[in-house]
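Participant: when you get a sec, could you give me coordinates for this:
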Amino acid sequence: MNIQIFKPWNLPGLPTSGRVTFERISYGSGMRIHLREAGEAGRYLYLDFPQLPTAMRITNESMRLASLPLVPNEVENSFFLVEDSELLAWLNSDSLEIYKDDPIFHLAIVTEEWIDIICNQNPVVVFES
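Facilitator: Residues are numbered from 1 along each chain as shown. The predicted model follows:
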């Protein structure tokens, strides 16, 4: 078992602090994750993936009890880049490592629903005006 490291994911345009709530996911020519900022502002925030991610896993936070202690408590954030990712290791193993040299990475959005995304490019961040 790997010891995954959850580092705050500071993509330009993302809120630098605060948590978000998960609303839904929609598909079109790519994929959009609909989120809402917690707190009074409550702005809607979308993560647009122009191409579908390589892999994705969505689970309720209660199904990730062993992983929760890996998320830094002192960080008031919902967005993380996962190093030494078990999901990415599984994907590489299951694909007989044909993608191991591809520039793919693991993003985690930790809300009441935990969203793990394996992708090769950052999403576009859009705020609803």
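Participant: name the nearest residue to Tyr99, sequence neighbours excluded.
Facilitator: In space, and not counting its chain neighbours, Tyr99 is closest to Asn92: 6.5 Å by CB to CB, 6 or more residues apart in numbering. To be clear about C-beta, it is placed using only N, CA and C from the backbone, and glycine gets the same treatment.
Participant: now the helix or strand harbouring that neighbour: mean pLDDT?
Facilitator: Using DSSP states H and E, Asn92 sits in helix 86-94. For helix 86-94, mean pLDDT rounds to 93.
Participant: packing partners of that helix?
Facilitator: If you count contacts as 3 or more CB pairs under 8 Å, 6 or more residues apart in numbering; DSSP states H and E, helix 86-94 packs onto strand 55-60, strand 105-110, strand 113-119.
Participant: may I have the strands that pair with the first one, each with its orientation?
Facilitator: By that I understand strand 55-60. strand 113-119 (antiparallel) (DSSP bridges).
Participant: okay, the angle between the partner strand and helix 86-94?
Facilitator: 50 degrees (axes from the mean of the first three to the mean of the last three CA atoms, to 10 degrees).
Participant: quick one: residues in contact with strand 113-119.
Facilitator: 22, 33, 49, 53-61, 63-64, 67, 82, 85, 87-88, 91, 104-109 (CB atoms under 8 Å, 6 or more residues apart in numbering).
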